[in-house]
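Enquirer: everything below, folded, please.
(2 chains)
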Amino acid sequence: MTMNASPRILIVDDEELIVQAMRKYFAGLGYAVDSAYELEEAQALLGHYKYDLVIADLRLTGIGGVEGLQIVADVHQKCASTRVILLSAYGTPEIERESYQRGADAFLHKPKAMMEIAHVAVNLLDTR
Amino acid sequence: MEHSALDRLLAPGGITPVYQPIYIVSDAAPELYGFECLSRGPQGTNFESPGVLFDYVRLKRQEIVVDRACIAAALRNLPHLGDGVRISINVHASTLGRDPSFTEFLATTCRDTRVAAARVTVEIVEHAPPWDNDAFLRALAALRELGASIALDDVGLGQSNFKMLLDASPEFLKLDRYFVDGCAKDAKRRAVISSIEELARRFGARVIAEGVENEEDLQAVRTIGVSLVQGFLFAKPMTAGELTVH
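Expert: Numbering: from 1, shown residues only, chains lettered A, B, ... in the order given. Got it, this is the predicted structure:
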C-alpha cells in the first residue's frame, strides 16, 4: 500500500457479529475502522468524517431492503475519491448493475471469506 | 436487525448531559451567568459525538422523543447551582412545530426537578423545514407564558435567518463559533459579529458568543459589545459531577 496515514474505513452491516468480525480483521490490517448498523447512522458518520473506503451490506432492514444502494449514492455524492464495496447475499444482476451505476467500486456476493474482501479493499485503496 | 441505536439512546443512561458555563464578561472578573445543557450519546459509540448523534436523530426524524430525553436527563442531573443561574436547553424547531404538548412536558419536568421555568432559556436549534409555523409560534407563546426565554442558536448559519428572527423574536442570539473563532485577526468576521450585535440591540436581545477559545477573540467580541460568552477559554462542557467540583 502506498498511503501515509492509516486508511479510514466504514463498515455498515445490521448484523453485530459480522460488524465485529470485520472490525477486528481490518483493524488488524492497520485500518482505522468505524462501523454503523443502520442507514441513518452511516449517513450521519459520512456527514462528519471522510472515509477512504466504505464496505456496506446491501440489506440493512430485513427482507427486500436495498439501503446499501443509498449508501453508495451518498458516498459518491460526498466524496468521489472514497471507494465503496457493496456486499450482498441476495444480489440480483439488476441490483449489481444499479450499484455500479450509482458508483460502487465492487459488488461482492456473500458468503465471502474475509481475506477475499480484504484483497479487494487493498486493491481499491491502492488504485485511488 | 440486531441493534437499534435509538433504543440504546433512549434507555436509562443512554444520554449523558453535560453543562457548559456562560459568563458575563466586563472589566471585572467574569461572572457566571448560566449553563447550556448539552448531550452526549453512549461512550464508545458513534453517538458520543454530538454532531453524529443529532444528525442521526434528524435523519430518523426522532427529534421530539430525543429532545425530551435530553431535557429530562439534563434537568434531572442538574446540581443545585444557585437561584440566579440560568439554564439553557436545546430544542429543535421541528419539535416545537410538531409536539403540541412540549410546553406541558417542560413545565412538568421543571416542576419535578425543582427548576424554576423562569430560569430556563429554550435554545432553538436546526430550524430546517418542514414544520408547522403556526404550531411553532403557538409553542413559543406557550413557553413565554410559562416564563421561559427564547434563544436562537447558530445565528447567521443555515436556517437561522431573518424570518426566524422576526418569528421567534428571541431574547438571546447565539453567535456560532464559526464567526467567533479567529475574529481578532479577521475584520470581516468582526463585521459580521458587529452586525449581529446591532441587530440584537434593536430587537432588545442579547448576544451570546460561543466558541471563545482565546484572550484575543474574547477582547475582540467585548470591544464590539458582546458581554455574554462561552467557550473553552472559560470551561469545556462538564458532567454533573465535574460541575459540582467546578
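Enquirer: going by C-alpha atoms from here, please, whenever you check contacts or count neighbours.
Expert: Noted.
Enquirer: what residues sit buried inside the helix or strand B:Arg144 falls within?
Expert: Secondary structure from DSSP states H and E places B:Arg144 in helix B:133-146. For helix B:133-146, the buried set under the neighbour-count rule, 16 or more other CA atoms under 10 Å in any protein chain shown, comprises B:Asn133, B:Ala135, B:Phe136, B:Ala139, B:Leu140, B:Ala142, B:Leu143, B:Arg144, B:Leu146.
Enquirer: then stretch A:42-60?
Expert: A:42-47, A:50-60.
Enquirer: so which of the residues you listed are in strands?
Expert: A:Leu53, A:Val54, A:Ile55, A:Ala56, A:Asp57 (DSSP state E).
Enquirer: now do the strands in chain A.
Expert: Under DSSP E, chain A gives strands at A:8-12, A:32-36, A:53-57, A:83-88, A:106-109.
Enquirer: what would the ones you listed look like in a markdown table with mean pLDDT?
Expert: Shown next, in a markdown table, are those (pLDDT from 0 to 100):
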| stretch | mean pLDDT |
| --- | --- |
| strand A:8-12 | 97 |
| strand A:32-36 | 97 |
| strand A:53-57 | 97 |
| strand A:83-88 | 96 |
| strand A:106-109 | 95 |
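Enquirer: out of the ones you listed, nearest to B:Ala74?
Expert: Closest approach to B:Ala74 among the strands of chain A is made by strand A:32-36 (26.7 Å; CA to CA).
Enquirer: next, the nearest residue to B:Arg86 once chain neighbours are set aside: phi, psi?
Expert: Nearest residue to B:Arg86 in three dimensions, chain neighbours excluded: B:Gly34, at 4.1 Å (CA to CA, 6 or more residues apart in numbering or on different chains). Main-chain dihedrals, B:Gly34, degrees, to the nearest 10: phi -180, psi -170.
Enquirer: again, but for the one 4 residues further on
Expert: Backbone geometry at B:Leu38, expressed as degrees, to the nearest 10, gives phi -120, psi 170.
Enquirer: nearest residue to it other than its sequence neighbours?
Expert: In space, B:Leu38 is closest to B:Val18, 5.1 Å off (CA to CA, 6+ apart).
Enquirer: burial count for the one you found?
Expert: 23 (other CA atoms under 10 Å in any protein chain shown).
Enquirer: now the strand or helix carrying it: mean pLDDT?
Expert: For B:Val18, the host element (DSSP H and E) is strand B:16-24. Across strand B:16-24, pLDDT averages out at 97.
Enquirer: sorry, back to before: rebuild the strands of chain A as JSON lines, extending it with distance to chain B.
Expert: Below are the strands of chain A laid out as JSON lines (distance: least, CA to the nearest CA, whole Å):
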{"stretch": "strand A:8-12", "distance to chain B": "11"}
{"stretch": "strand A:32-36", "distance to chain B": "8"}
{"stretch": "strand A:53-57", "distance to chain B": "13"}
{"stretch": "strand A:83-88", "distance to chain B": "16"}
{"stretch": "strand A:106-109", "distance to chain B": "20"}
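Enquirer: adding distance to A:Met115, write those out as a markdown table.
Expert: As requested, those are arranged in a markdown table below (distance: least, CA to CA, whole Å):
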| stretch | distance to A:Met115 |
| --- | --- |
| strand A:8-12 | 15 |
| strand A:32-36 | 16 |
| strand A:53-57 | 14 |
| strand A:83-88 | 14 |
| strand A:106-109 | 13 |
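Enquirer: tell me which of the ones you listed lies nearest to B:Leu10.
Expert: B:Leu10 lies closest, by CA to CA, to one member of these: strand A:32-36, at 17.7 Å.
Enquirer: tell me what the closest one is packed against?
Expert: Counting by 3 or more CA pairs under 8 Å, 6 or more residues apart in numbering or on different chains; DSSP states H and E, the packing neighbours recorded for strand A:32-36 are strand A:8-12, helix A:16-28.
Enquirer: pairing partners for it, with directions?
Expert: Sheet partners assigned to strand A:32-36 using DSSP bridges are listed as strand A:8-12 (parallel).
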